[in-house]
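Asks: I need the structure of the sequence given here:
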Amino acid sequence: MLRLAWQRSHRKPPPAGEIIPIATLLAIAAISRFMAGASPFSAPILLWLSASSWVLAYLWVTVRLLILSRHAKNRRK
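Replies: The predicted structure follows:
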């Protein structure tokens with residue numbers, strides 16, 4: 001979603017600086033959830049780490065999409 005919006009706005013693929021932090025946050029979320037195990041309350045710190053990593057990743061994507069939409073609107077004017 002973000003890659004497509006970036007390409008529409010800038011006419012080129014996004015730089016690695018836009019992709020690597022999001023991919024890192026998603027990797028941290030997936031690994032910490034896997035390490036927390038199957039029982040829901042065995043490792044609450046890992047579950048909190050996983051949830052907060054998901055929140056930060058999607059917050060990053062949301063903010064970038066809002067910025068890109070404003071950029072695209074300004075280009076049309």
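
Asks: list the helices and strands the longest helix seen in the chain packs on?
Replies: Using DSSP state H, we find that the single longest helix of the chain is helix 44-76. Of the remaining helices and strands, those touching helix 44-76 by 3 or more Cβ pairs under 8 Å, 6 or more residues apart in numbering; DSSP states H and E are helix 2-10, helix 16-36. Just so you know, the C-beta spots here come from the backbone N, C-alpha and C atoms, and that holds for glycine as well.

Asks: Look at residue 77 and report its pLDDT.
Replies: At residue 77, the pLDDT value in this model is 61.

Asks: meant to ask about residue 70
Replies: Predicted confidence (pLDDT) at residue 70: the value is 83.

Asks: Show me the residue sitting in the middle of this protein in space.
Replies: Centroid check for the chain by Cα atoms, centre = their mean gives residue 57 as the closest residue, at 3.0 Å.

Asks: so what's the nearest residue to that residue once chain neighbours are set aside up against?
Replies: Closest residue to residue 57 in three dimensions, ignoring its sequence neighbours and counting by Cβ to Cβ, 6 or more residues apart in numbering: residue 25, at 3.9 Å. With contact set as Cβ atoms under 8 Å, 6 or more residues apart in numbering, residue 25 has these partners: 53-54, 56-57, 60.

Asks: one more time with 10 Å, if that's ok
Replies: Taking Cβ atoms under 10 Å, 6 or more residues apart in numbering as the definition of contact, the neighbours of residue 25 are 52-61.

Asks: what does residue 1 give?
Replies: Contacts for residue 1 were tallied using Cβ under 10 Å, 6+ apart; they are 61, 64-65.
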